[in-house]
Every structure is written in C-alpha cells, then in structure tokens.
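Trainee: Need a 3D model of the sequence below.
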Amino acid sequence: MKTICTAIILLTGFFTLKAQQYKPVDDKSEVKFTIKNFGINTNGTLNGLKGTIKFDPANLAASSFDVSVDVNTINTGVDGRDSHLKQDEYFNVAKYSVIRFISTSIEKNGEDYAAKGNLTIKGITKPMSIPFTVKQNGEGLIFSGGFNINRKDFGVGGSSAVMGSEVNVSLKVFTVKE
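Mentor: Just a heads-up that it's a prediction; the model follows:
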C-alpha cells in the first residue's frame, strides 16, 4: 500500500512540473515595429500571431515559445508602402510569409524574464534574446516585451540609404490556456 501511495504522489508531482500550455490570441495581441524612413519614425504592425507558449515560472526548463506572425498582414498605414514591403527586396512574402521565434531557454532576470532562441525572418535565422514580463489575465497570461534588430542581418531592404538599419519591436501577447 505504501508503494502505491508513493507512486501516486510521485506521478502527481511529475505532472505538476509540466508547464501550462497557452495559445496567443491574435485579435487582442500587438506586434508593433518602428524604423526610421527618410529620418522620420515609421510605425507598423503585424498580425496573424499564432503558435504555442508553454510557461511555468517555477519550472522555466519546461517553458518555451514557438510563435509566428504573418508578414502578409504588415500595416504601416500606407497601402503603397505595405505592398512595397512585401516585395522580394524587403520581406519577399511570396517565399517567406512568416516571421518565427523558437526559444531555446527561458531565464529569470530579477522580476522579469528573457527568452533566448532563434528568430527567423526571410529564411535567415539569428540568435535572439527577448526580455519580457508576465501578468496573469484570467485563465491566460499577458507577455509584454521588446527588442531591437538590424534589418540588414535578415536581408530586409537591401542597402537602402533612406531606411534606418535598426528596427524596434514591441510585443504585447494575450494568451488563453489550451
């Protein structure tokens, strides 16, 4: 009887170590970017957020992100510019329709976290660390964070002299428990 009770306790403990799985809610989430164009800040958004997020602050080793956005949804508020950004020289959406981030580890930094992993844009994958915060939202979580990238590292925009190289990305990802 002791053996059965011990086995039940161990199995229960094992299953509670598993991170909760969440799904991004695209229509509530925000993926925003800012880049200088002709010396002026140009803002835009991306939608079509999907993927799987596993998160347990007590077990970061079991936590992970595998999320993507649809580049076809790029919106800078100017239809002509959006169409231009979808062309080969920029995002080449006919061939590379998503931007994807897959984490390799999650770390705690004080009250905040950082997701280390691989960011893929236009078929080019680079290591990235994305700092973020987490807040409870009913049954789900809200992940907020931001990072900077060099668009040239991903072959976006060629050698455009009028467009800045640094892109600031900010994220607010609402999730629901799966």
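
Trainee: got a list of what S103 touches?
Mentor: Contact analysis of S103 by Cβ atoms under 8 Å, 6 or more residues apart in numbering lists 63-66, 115-117. Backbone N, C-alpha and C define where each C-beta goes, glycine included.

Trainee: What's the PyMOL syntax to select whichever of those residues are buried?
Mentor: Filtering the contacts of S103 down to the buried ones (16 or more other Cβ atoms under 10 Å) takes a single PyMOL command:
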select buried, resi 63+64+65+115+117
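
Trainee: Quick check: the farthest pair among the contacts of S103?
Mentor: Spanning the widest gap among the contacts of S103 are D66 and K116, at 13.6 Å by Cβ to Cβ.

Trainee: hmm, back to that, let's have the contacts of S103 in TSV, adding pLDDT.
Mentor: Below are the contacts of S103 laid out as TSV (pLDDT from 0 to 100):
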residue	pLDDT
S63	98
S64	98
F65	98
D66	98
A115	98
K116	98
G117	98
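
Trainee: Show me the contacts of S103 that map onto strands.
Mentor: If you go by DSSP state E, these have 64-66, 115-117 in strands.

Trainee: In a markdown table, list the residues you listed along with distance to K28.
Mentor: Below are those laid out as a markdown table (distance: Cβ to Cβ, whole Å):
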| residue | distance to K28 |
| --- | --- |
| S64 | 21 |
| F65 | 17 |
| D66 | 19 |
| A115 | 20 |
| K116 | 26 |
| G117 | 23 |
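
Trainee: Which single one of those is nearest to N168?
Mentor: Nearest member of the ones in strands among the contacts of S103 to N168, counting by Cβ to Cβ, is A115, at 17.3 Å.

Trainee: List the contacts of the closest one.
Mentor: Applying Cβ under 8 Å, 6+ apart to A115 gives the contacts 65, 101, 103, 105-106, 129-130, 132, 145.

Trainee: Looking at the ones in strands among the contacts of S103, spot the one nearest F174.
Mentor: Looking across the ones in strands among the contacts of S103 and measuring by Cβ to Cβ, the closest to F174 is F65, at 14.4 Å.

Trainee: For this structure, just list every one of the strands.
Mentor: Counting by DSSP E, the strands of the chain are 20-24, 30-37, 40-55, 64-75, 98-109, 112-121, 124-137, 140-150, 163-177.

Trainee: so V25 sits right up against F174, yeah?
Mentor: Yes - counting by Cβ atoms under 8 Å, V25 does reach F174; the two are 4.5 Å apart.

Trainee: which of those two has more neighbours?
Mentor: F174 (21 against 16; other Cβ atoms under 10 Å).

Trainee: That one contacts G138, correct?
Mentor: No - in this structure F174 lies outside contact range of G138 using Cβ under 8 Å: 9.8 Å.

Trainee: For I40, list each beta-bridge partner.
Mentor: N37 (DSSP bridges).
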